[in-house]
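Engineer: Sequence isn't available, so here's the structure alone:
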C-alpha cells in the first residue's frame, strides 16, 4: 500500500545517506538513474509483473516463503492467455493419472518434449518441468482447482496426459489461484502496466516503474519476476524474432505484445528466439475458433493445398499442420466436404472468402480458384482410400469418409498462432542472463515471456505451455523470495 507523506520524507533522508542504493526520494519524487520521476512509492520484497499462470504461481509461492509480494497486471483482469484457453494442461505422474492407473512416467514426458523439439531445447529445464509436473497438478488442487477425471491424448502422442478443469476452461484454473493469492496477502494492481525496469549503478534490478491509471508509481523491490506473456500481438517483434509468422493471425490474449521481453532487452538481457510460434489453424481475425465458422478449422475432411493436392494426414496435431504449411509456403489450405457438411455455417463465410460451394467438384474447384484437374483427381483418390478402409498415402486413422454426393463445400483455413516462442534466457532457477552469460541480479522470468529454451519450431501438445508456466513460475517465486531474505 502507498506510503504516507511523513513516512516518505523519513525514507528520503535514509536514501540520501546511502542506505538504499540506486533510488532516492525527495518531495514525493523518485530519482532513478539520475532521472526524477513524479510518482508514489511502494516498497515490497518481490514484484511480479503479469498475472497469468506463471505470475500467479510465482506470487503465491513467494508469499508462502514469507516475502511481501505485489503483482501488477496491465489488463483489468488476471489470467492472460490461460484465461481464454481451453484450460488443458499436459503432465505426467499426476494425481488423476495415478488414480486411473496410467503408467506414463515423467521421463516419458520429457523424452516426448525433447523429441518434438528435435533436441533443440534446454534439457535440464525440460527434465525439471516434466519431473515436477505431477507436483504442480497436486499443488493446483490444493489451491482449489478441480480437474475432470477424463484424460485425453494431445499432440502426436497417444499417452493420456491431457487434463482439463471440471468447469470454466481456463477460468477454472485462474479464479481459484486469484482467490488464493489474495488470501495470502499478495497485493494486486490491475490496469497497471509496467513501463520500465529500474536498475542501480551495477545494473541490478531494484524495481519497476508502473503506470496506474495515468499516474506513475515506483515499486521498489528486492526481486522482480517477469511473467508478462508472449509477443505474438506485436507485428514488429514477430518480424524480428519469428518472421515465419509474419502473416499469421494471433488468437492469444490481447496483452501479448512483448513488453516483458522489451524491458529485459533494454537492460541487456540475452534474448533467445528460433523463428517459431505456437502455430494454430485460423480464418483471419474476424473468425476465431470460438465462432461457428472459425470452429470449422477442426473438421477432419479432406485437406488440399493451393494446388488442389492432399498434403497431410487430416487428424494431425494442429501445430504440425501449420508447420507443414510454413515449410511449403502455403498461405492457406482448403477442407473439402460433401452434402453432410454444416452448410448454413459454411455459406455464412462465402462473402468473406472463407466458405465455398459447388454442385460438382469441378464447380467447387472453380469457386475456390484451384486447378480443376488436380482437385478432381485428389478427391477420386481419397474416395478410393475410403472405400479401401485404409489411408495408404498419409496414414489417417478414423474419419476416412468418402466425398461423393453434392453439393460440395470447402472451408479456407489460414495459419494462426496462440502464442510465441522466445524471450530472455534464464537459468534453471529462472534468473535472467545478460548477453555475456551472467545473471542480472534481482531479475527473474517465467512463462511464455521466457520460453525460448523450452521449444524449437513446433508446439508439442495442447496444455504444454500452461503446465510449464505454472511449474517454472512457482520455482521463480520461491527462488526470488529466498534470495531477498
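Structural biologist: Thanks, I have it. What you are looking at is a predicted structure, and each value in this text was computed from that prediction instead of being measured.
Engineer: can you pull the buried residues of stretch 217-235?
Structural biologist: Residues 217-234 are the ones in stretch 217-235 that count as buried (16 or more other C-beta atoms under 10 Å). Using the backbone N, CA and C atoms, a C-beta is placed for each residue, glycine as well.
Engineer: Please apply the same query to stretch 342-358.
Structural biologist: 342, 345-349, 354-358.
Engineer: and that stretch, what's its mean pLDDT?
Structural biologist: The pLDDT scores in stretch 342-358 average 97.
Engineer: Mind listing residues that contact that stretch?
Structural biologist: Residues outside stretch 342-358 that contact it (C-beta atoms under 8 Å, 6 or more residues apart in numbering) are 283-284, 286-287, 292-293, 296, 334, 337, 364-368, 406-412.
Engineer: repeat that with 10 Å
Structural biologist: Residues from elsewhere that reach stretch 342-358 (C-beta atoms under 10 Å, 6 or more residues apart in numbering): 282-284, 286-287, 291-297, 299, 332, 334-337, 341, 363-370, 375, 406-414.
Engineer: And the buried ones among those residues, selectable in PyMOL?
Structural biologist: Burial among these is assessed by 16+ other C-beta under 10 Å; the matching PyMOL selection reads:
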select buried, resi 282+283+287+293+294+296+297+299+332+334+335+336+337+341+363+364+365+367+368+370+375+407+408+409+410+411+412+413+414
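Engineer: and the contacts of stretch 342-358, which of them are in helices?
Structural biologist: Residues of these located in helices (DSSP state H): 363-368, 375.
Engineer: re earlier: is it possible to export the buried residues of stretch 342-358 to TSV including secondary structure?
Structural biologist: Output for the buried residues of stretch 342-358, formatted as TSV (DSSP: H, G, I helix; E, B strand; the rest coil):
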residue	secondary structure
342	coil
345	helix
346	helix
347	helix
348	coil
349	coil
354	coil
355	strand
356	strand
357	strand
358	strand
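Engineer: Between those, which sits nearest residue 325?
Structural biologist: The shortest approach to residue 325 among the buried residues of stretch 342-358 belongs to residue 354, at 16.0 Å (C-beta to C-beta).
Engineer: Look up the closest residue to residue 242, ignoring the ones flanking it.
Structural biologist: residue 277 (5.1 Å; C-beta to C-beta, 6 or more residues apart in numbering).
Engineer: Which residues are in contact with the one you found?
Structural biologist: Neighbouring residues of residue 277 by C-beta under 10 Å, 6+ apart: 230-232, 238, 241-242, 244-245, 248, 250, 252, 319, 322-323, 326, 415-422, 455, 457-459.
Engineer: Break this protein into its domains for me.
Structural biologist: In terms of domains, the chain is parsed into 80-185+227-272+422-484, 280-417 (source: automatic domain parsing).
Engineer: Make TSV out of the ones you listed and add distance to residue 193.
Structural biologist: As requested, those are exported to TSV (distance: least, C-beta to C-beta, whole Å):
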stretch	distance to residue 193
domain 80-185+227-272+422-484	7
domain 280-417	22
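Engineer: on that earlier part again, would you format the buried residues of stretch 342-358 as a markdown table with distance to residue 304 included?
Structural biologist: Below are the buried residues of stretch 342-358 laid out as a markdown table (distance: C-beta to C-beta, whole Å):
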| residue | distance to residue 304 |
| --- | --- |
| 342 | 19 |
| 345 | 20 |
| 346 | 16 |
| 347 | 20 |
| 348 | 22 |
| 349 | 17 |
| 354 | 15 |
| 355 | 15 |
| 356 | 12 |
| 357 | 16 |
| 358 | 14 |
